[in-house]
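Asks: kindly return the folded structure for what I paste below:
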Amino acid sequence: YGMADPWTLAEAVEKLEKEGARKIVVARMYSLADQFKGKTDYILGLTDTEPKTRGGPLPPRVRSSAIFATFGGYEENNSLICEILKDRVLEISQNPEKETVLLIAHGARDDKRDKRWKDVLQKHADYIKKNSQASFKDIRGLTVREDWPKKHKKAVDEIRDLIEDASTHGQALIISNRLYGSGRYDEFFEGLDYEMNRKGLALHANMTRWLEEGIRKTLQNEFSLP
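Replies: Below is the predicted model:
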């Protein structure tokens, strides 16, 4: 969870090694498959390609005799996550035909990556439309790009306009498409009329299923274990 923090990884590896682990699967708990992959792989010694540090020092590498494999990207092409989001929508929905549903995620700094993220979110939205008996007015996937002030302001302003329009002609439902909680979303949308599901994705059995599937496939593909 720690954005490829080398000390967190080192501590976890040391703990597993003391328990006898010699082959370790690292689950990168991020929306897209390549998020923090380069940095994580470098720290674990899976690649010598140095990660971008924006002028800072390179992260220290984990010293270990264990063999590592990693996987991540819980949102990409995954019906398990779509089902979580569908449940989160239905938990707060009251009158679908008048409701505009907004799946709101963190977003990325790079425009191309952020578009890719929004494309993934829109696939989730389309899944919910197709697999829900409720007929919602609209479902859209959006990002707030909250770590980059100029891009964040533009993104939030656009979402605020959508919320205002939706609440004028019905009801806006915001689904926190984050791993846990809703971060600063209430602050971003202060003063507007909306309902929000603030739970996030983690507190759902499907996230455990995604982890189990990812671990099993990684063990089979990387370590040839049953």
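Asks: wait, Leu85 touches Asn177, no?
Replies: Yes. With contacts counted by Cβ atoms under 8 Å, Leu85 reaches Asn177, the gap being 6.6 Å. Yep, even glycine has a C-beta here, placed from its N, CA and C like the rest.
Asks: how about low-confidence regions in this structure?
Replies: For the chain, no stretch is flagged by pLDDT under 70.
Asks: just give me the residue right at the centre of it.
Replies: In the chain, the residue lying closest to the centroid (Cα atoms, centre = their mean) is Ser31, at 3.1 Å.
Asks: run a quick neighbour tally on Gly73.
Replies: Gly73 has 20 neighbouring residues, counting by other Cβ atoms under 10 Å.
Asks: follow-up on the earlier one: what do Leu85 and Asn177 both touch?
Replies: 103, 124, 201 (Cβ atoms under 8 Å, 6 or more residues apart in numbering).
Asks: okay, and which of those residues map to helices?
Replies: His124 (DSSP state H).
Asks: hang on, the earlier thing: skip the chain neighbours and tell me the closest residue to the residue nearest to the centre of the chain.
Replies: Glu75 (4.2 Å; Cβ to Cβ, 6 or more residues apart in numbering).
Asks: next one: Gly73
Replies: Ala33 (3.0 Å).
Asks: now for that neighbour: which residues touch it?
Replies: So Ala33 contacts 71-73, 76 (Cβ under 8 Å, 6+ apart).
Asks: which among these end up buried?
Replies: With neighbours counted using 16 or more other Cβ atoms under 10 Å, the contacts of Ala33 contain these buried positions: 71-73.
Asks: and of these, the nearest to Leu192?
Replies: Set against Leu192, the nearest of the buried ones among the contacts of Ala33 by Cβ to Cβ is Gly73 (31.5 Å).
Asks: and the helix or strand hosting Lys115, what does it pack against?
Replies: Using DSSP states H and E, Lys115 sits within helix 111-131. If you count contacts as 3 or more Cβ pairs under 8 Å, 6 or more residues apart in numbering; DSSP states H and E, helix 111-131 packs onto helix 79-92, strand 99-105, strand 138-143.
Asks: output the ones you listed as JSON lines; include the columns distance to Arg116 and mean neighbour count.
Replies: Formatted as JSON lines, the helices and strands packed on helix 111-131 follow (distance: least, Cβ to Cβ, whole Å; neighbours: other Cβ atoms under 10 Å):
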{"stretch": "helix 79-92", "distance to Arg116": "16", "mean neighbour count": "19"}
{"stretch": "strand 99-105", "distance to Arg116": "12", "mean neighbour count": "24"}
{"stretch": "strand 138-143", "distance to Arg116": "10", "mean neighbour count": "21"}
